[in-house]
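Colleague: Sharing a model that was predicted from the sequence below.
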Amino acid sequence: MPAKFDAYAKDYETLHANSITASGEQPGYFSDYKVDCLARLAGSNFDEPVLDYGCGVGTLTHRLCTRYSRVHGFDPSTKSLEEARQHGDSATYCDDPGELPRAHFGIVVLANVLHHVPPPNRVELVTRLRELLRPGTGRLVVFEHNPYNPLTRRAVAQCEFDDDAILLGPGELVGLLGQCGYKAVRRQFIVFFPRLMAVLRPLEPSLGWLPAGAQMMAFGTSPG
């Protein structure tokens, strides 16, 4: 889909922001939220190479660079990568998957990418990402929209570049990782309270079992 996202690269963040007005937040909030989720998962001492696969204009990649010293961003959209590089961060960006080192990454992040991938192609992609992870220890971490949340469905319907989105159910996402050979697969629901209810946000890490979150995070470990 490089041609599609080339066309949206300049206006991506504005279009994204317009679709999530009900949350009271800007896109950066959700990127920071994902970085915090990764930090809780990986621990404070983790600093292995991290790959943001499908990084788009680099909103999440840039924030990963504030926490980890070796960050890569991949996206097939060259126009999106031009925007990403303007963040001036330390990430290594590329648009050729053949340039990504094999058996190298401690974490590969797939953030809100799968709903743009046609369902017949998802197994191939998620399986291929195993080759990039350190055998036995590397983790694939997938963030996706929760189709059970009505505000999420509204945001997707209002987002111009989500016109092709086919959302994954929570069980489908877990099953996909298991089918592709990942071990110790787990899922958590995330992003529960809009800005108007921000006082309740400290409770969110304890609500991962509740299928009311706007998004979900699933992760699994590469086999040895």
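Modeller: Thanks, I have the structure now. Fair warning: this is a prediction, and the values are worked out from it, not measured in the lab.
Colleague: And the contacts of stretch 81-99?
Modeller: Here stretch 81-99 makes contact (CB atoms under 8 Å, 6 or more residues apart in numbering) with 2, 9-10, 12, 52, 55-58, 61-62, 64-65, 69, 71-78, 100. C-beta: built from backbone N, CA, C; applies to glycine.
Colleague: Same check on stretch 23-42?
Modeller: Applying CB under 8 Å, 6+ apart, the external contacts of stretch 23-42 come out as 13, 16-17, 20, 46, 50, 59-60, 62-64, 66-67, 106-107, 109, 111, 139, 141, 143, 151, 155, 188, 190-191, 194-196, 205, 214-215, 217, 219.
Colleague: So which of these sit within helices?
Modeller: Counting by DSSP state H, the part of the contacts of stretch 23-42 found in helices is E13, H16, A17, T59, L60, H62, R63, L64, L151, A155.
Colleague: CSV for those, including distance to Q179?
Modeller: What follows is the ones in helices among the contacts of stretch 23-42, written out as CSV (distance: CB to CB, whole Å):
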residue, distance to Q179
E13, 34
H16, 30
A17, 35
T59, 30
L60, 26
H62, 32
R63, 30
L64, 27
L151, 29
A155, 28
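Colleague: So which of the residues you listed is the closest to L210?
Modeller: Closest approach between the ones in helices among the contacts of stretch 23-42 and L210, by CB to CB: L151, at 14.8 Å.
Colleague: what residues are up against the closest one?
Modeller: Per CB under 8 Å, 6+ apart, neighbours of L151: A22, S23, A214.
Colleague: Lowest-confidence entry in these?
Modeller: pLDDT is lowest at A22 among the contacts of L151; the value there is 83.
Colleague: Pretty sure it sits in a helix.
Modeller: Yes: counting by DSSP: H, G, I helix; E, B strand; the rest coil, A22 is located in a helix.
Colleague: Please tell me how far it sits from Q215.
Modeller: Per CB to CB, to the nearest Å, A22 is found 14 Å from Q215.
Colleague: Need the three-state assignment for the residue located most distally from the centre of the chain.
Modeller: Of all residues in the chain, V199 has its C-alpha farthest from the mean position, at 25.2 Å, by CA atoms, centre = their mean. The assignment at V199 comes out as helix when based on three-state DSSP.
Colleague: and if you look at P76?
Modeller: Applying three-state DSSP: P76 is coil.
Colleague: For it, the count of nearby residues, please.
Modeller: Residues near P76, counting by other CB atoms under 10 Å, number 16.
Colleague: Could you say which helix or strand holds the nearest residue to G169 once chain neighbours are set aside?
Modeller: Closest residue to G169 apart from its sequence neighbours, by CB to CB, 6 or more residues apart in numbering: P147 at 6.0 Å. According to DSSP states H and E, P147 maps onto no helix or strand at all.
Colleague: Go ahead and flag the most central residue of the protein.
Modeller: A111 (1.2 Å).
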